[in-house]
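1. give me a model of this one.
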Amino acid sequence: MHKDDPSVLFTLKTEALDDRDYDLNEVVFERFIARTFCMNVELRGDFKKYAEDGPYLSVPSGAEGGCNNIVRNDLGYRVERIMRKMGRDQKAIFEYKKVTVEEIEDTLIIIAAQNEGSSEAIKSLAKRDKYSLDRLENIYLRLQGSQAKWLTRMIFKDFGFVIPDNVALSAFHTSFPRSLQVTAKFNIKDLVPIRRCGETGIIVAHAPPQTAKKTLPVSKDQTISGLSVAQPAESIQLVSPSSTRSSLPLSESTASSLNATQKATQKPLPPSSSNIKSPQKNPSPQALSPPASSPAAAECAQTPTCHFHNTLFILAPCISSFLWLTSNLLPSHGVTYITSLLPLTRKALPKR
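-> Numbering: from 1, shown residues only. Coordinates of the predicted model:
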């Protein structure tokens, strides 16, 4: 996987790829699947009847004494059902066959580039190809049933039900700790799709007209170091916890490391200045002391009956380094946090 390749982000948010037109409907795609797996008349009839079972199905969970699972009977699930019936999920068939995300992305771009409904940027990535569906057929022949299900949903840009971002998580959610590890937002609108050509070559899509106007002219005195395919850091807005720690050592001065709001005069450094080293001074205890009005007095922005409102959290140092937790989640619930027991002696902290 190339670190500057946006293929993974495109597979996570297929519904946002409105600049791609694969020109496929369910009837045409059912015929394509039947031809790919060389189905006989009986299998073809069963595959067609699966659509008559309704939009949702109740299937056994597989665990002894467990409840049935409700699954969506879309085209992707029907492809998985017919592949299981054909016995294509046997491990002996797929031991040596692998499919990469880049190969899937490259094939979908070639298919979309053949259709007039795709954008000019997508069309510029591939020439006319009469065998674009043969590439997709070659991929399906190397997939298991569950993998083919998600690839089909990716092609039709419908992964099913998606949990909205504004869901209020309360203390009664048993999956609350796991939610902290997967919450993220990706902005793929500004990512430029690319195609891999061999091991080192790349093909970059033409910039859309609105972005081409914003391109600044390069003077004669300026030099271009090389073509960069990776997008700016601001094009991907991550809300997931960061894995890096703060450069300040843990000492008594960290006793006042409250989630105080930054001053209006403080501005973050631009991404280009991340490599510039500047001398660091140890902040004085007066500079790190909490404000007179605690941020915990604010109302919860998630729900009026929040169980975390006006609550004091004592965080371990390994947890306090998660910026998403300390700067996004806890402040939105009106929570105050500390990383040491010494600030408990301060009168400015609410106690509950």
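2. does residue 151 count as helix, strand or coil?
-> Following DSSP: H, G, I helix; E, B strand; the rest coil, residue 151 is assigned to helix.
3. was I right about it contacting residue 144?
-> No: in this structure, residue 151 is not within contact of residue 144 by Cβ atoms under 8 Å, at 10.6 Å. In this view, the C-beta of every residue, glycine as well, is placed from N, C-alpha and C.
4. which of those two has more neighbours?
-> residue 151 (20 against 17; other Cβ atoms under 10 Å).
5. all helices for the protein, in order.
-> 7-12, 26-36, 41-49, 75-85, 101-113, 120-123, 132-140, 145-155, 176-182, 209-213, 285-288, 317-320, 323-324, 330-332 (DSSP state H).
6. dump those helices to JSON lines, plus distance to residue 303 and mean pLDDT.
-> Compiled in JSON lines, those are given as follows (distance: least, Cβ to Cβ, whole Å; pLDDT from 0 to 100):
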{"stretch": "helix 7-12", "distance to residue 303": "28", "mean pLDDT": "77"}
{"stretch": "helix 26-36", "distance to residue 303": "40", "mean pLDDT": "95"}
{"stretch": "helix 41-49", "distance to residue 303": "46", "mean pLDDT": "95"}
{"stretch": "helix 75-85", "distance to residue 303": "35", "mean pLDDT": "95"}
{"stretch": "helix 101-113", "distance to residue 303": "38", "mean pLDDT": "91"}
{"stretch": "helix 120-123", "distance to residue 303": "42", "mean pLDDT": "89"}
{"stretch": "helix 132-140", "distance to residue 303": "45", "mean pLDDT": "93"}
{"stretch": "helix 145-155", "distance to residue 303": "32", "mean pLDDT": "93"}
{"stretch": "helix 176-182", "distance to residue 303": "14", "mean pLDDT": "53"}
{"stretch": "helix 209-213", "distance to residue 303": "39", "mean pLDDT": "48"}
{"stretch": "helix 285-288", "distance to residue 303": "32", "mean pLDDT": "44"}
{"stretch": "helix 317-320", "distance to residue 303": "23", "mean pLDDT": "71"}
{"stretch": "helix 323-324", "distance to residue 303": "19", "mean pLDDT": "74"}
{"stretch": "helix 330-332", "distance to residue 303": "10", "mean pLDDT": "80"}
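7. quick one: closest of these to residue 59.
-> With Cβ to Cβ, the closest approach to residue 59 among these belongs to helix 75-85: 9.5 Å.
8. buried stuff in that closest one?
-> Buried residues in helix 75-85, counted by 16 or more other Cβ atoms under 10 Å: 75-83.
9. next one: stretch 48-63
-> residue 50.
10. got the contact list for it?
-> Stretch 48-63 has contacts (Cβ atoms under 8 Å, 6 or more residues apart in numbering) with 30, 66-74, 77-78, 81-82.
11. now a PyMOL select for only the buried ones of those residues.
-> In PyMOL syntax, the buried subset of the contacts of stretch 48-63 is picked out as below (16+ other Cβ under 10 Å):
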select buried, resi 30+73+74+77+78+81+82
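12. kindly reformat the contacts of stretch 48-63 as JSON lines containing distance to residue 14.
-> As requested, the contacts of stretch 48-63 are exported to JSON lines (distance: Cβ to Cβ, whole Å):
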{"residue": "30", "distance to residue 14": "20"}
{"residue": "66", "distance to residue 14": "31"}
{"residue": "67", "distance to residue 14": "30"}
{"residue": "68", "distance to residue 14": "28"}
{"residue": "69", "distance to residue 14": "23"}
{"residue": "70", "distance to residue 14": "23"}
{"residue": "71", "distance to residue 14": "19"}
{"residue": "72", "distance to residue 14": "16"}
{"residue": "73", "distance to residue 14": "20"}
{"residue": "74", "distance to residue 14": "14"}
{"residue": "77", "distance to residue 14": "16"}
{"residue": "78", "distance to residue 14": "19"}
{"residue": "81", "distance to residue 14": "22"}
{"residue": "82", "distance to residue 14": "22"}
